[in-house]
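> Below are the sequence and a predicted model; questions follow.
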Amino acid sequence: MEIEKASFPTPWTMGMFMEELSRKDFAFFIIARLKDGIAGYGGFWLVLDEAHLGNLAVTPRLRRRGIGERILKELIEMAKSKGVNLMTLEVRESNEKARALYEKIKFRLVAIRKGYYSDTKEDAYLYINDKL
């Protein structure tokens, strides 16, 4: 929860996480651990033959060390093992570091969802990777 609160303007609640973790048929989450605790986490929803990245975060003191990239690559491999060949995600327009990571991993911007985030009315950039 500490990582979630430090990472997002409107963080998920513990209840939201517990609900997602109970949906083992279509919600898949992983965590990255270090000796002294959790470094980050990420998850996706399986929707038919597609995966939708719902959450990816790294603790602030450990950012820019490749942990987010490793989590994302692991999630992609997990999705591929479930027969998925397309992953989608939305990211805030202002989140340039996340957008750079997604583009590095061959996600491409396909649309802008105007006013998508209800907390700030910020636009969401919709990315897809159909080369998994």
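Right, received. Where do you want to start?
> got the CA coordinates for the helix or strand bottoming out on mean pLDDT in the chain in PDB?
Within the chain, no helix or strand scores below helix 14-22, which has a mean of 90 by mean pLDDT, DSSP states H and E. C-alpha atoms of helix 14-22 as PDB (Å, rounded to 0.1, in the frame of the first residue of the first chain):
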ATOM      1  CA  MET A  14      -6.600  -2.400   0.200                       C
ATOM      2  CA  GLY A  15     -10.100  -3.700  -0.600                       C
ATOM      3  CA  MET A  16      -9.500  -3.100  -4.300                       C
ATOM      4  CA  PHE A  17      -6.300  -5.100  -4.200                       C
ATOM      5  CA  MET A  18      -8.000  -7.900  -2.200                       C
ATOM      6  CA  GLU A  19     -10.800  -8.000  -4.700                       C
ATOM      7  CA  GLU A  20      -8.400  -8.300  -7.700                       C
ATOM      8  CA  LEU A  21      -6.300 -10.900  -6.000                       C
ATOM      9  CA  SER A  22      -9.400 -13.000  -5.400                       C
END
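> which helices and strands sit right next to it?
Under the contact definition 3 or more C-beta pairs under 8 Å, 6 or more residues apart in numbering; DSSP states H and E, helix 14-22 sits against strand 27-34. Yep, even glycine has a C-beta here, placed from its N, CA and C like the rest.
> Do you have the strands of this structure handy? List them.
27-34, 37-47, 50-58, 87-92, 108-113, 124-129 (DSSP state E).
> Give me the residues contacting the third one.
It stands for strand 50-58. Contacts with strand 50-58, where a contact means C-beta atoms under 8 Å, 6 or more residues apart in numbering, come from 3-4, 7-8, 12, 20, 27, 29, 32, 39-45, 67-68, 71-72, 75, 79, 82, 84, 86-89, 98.
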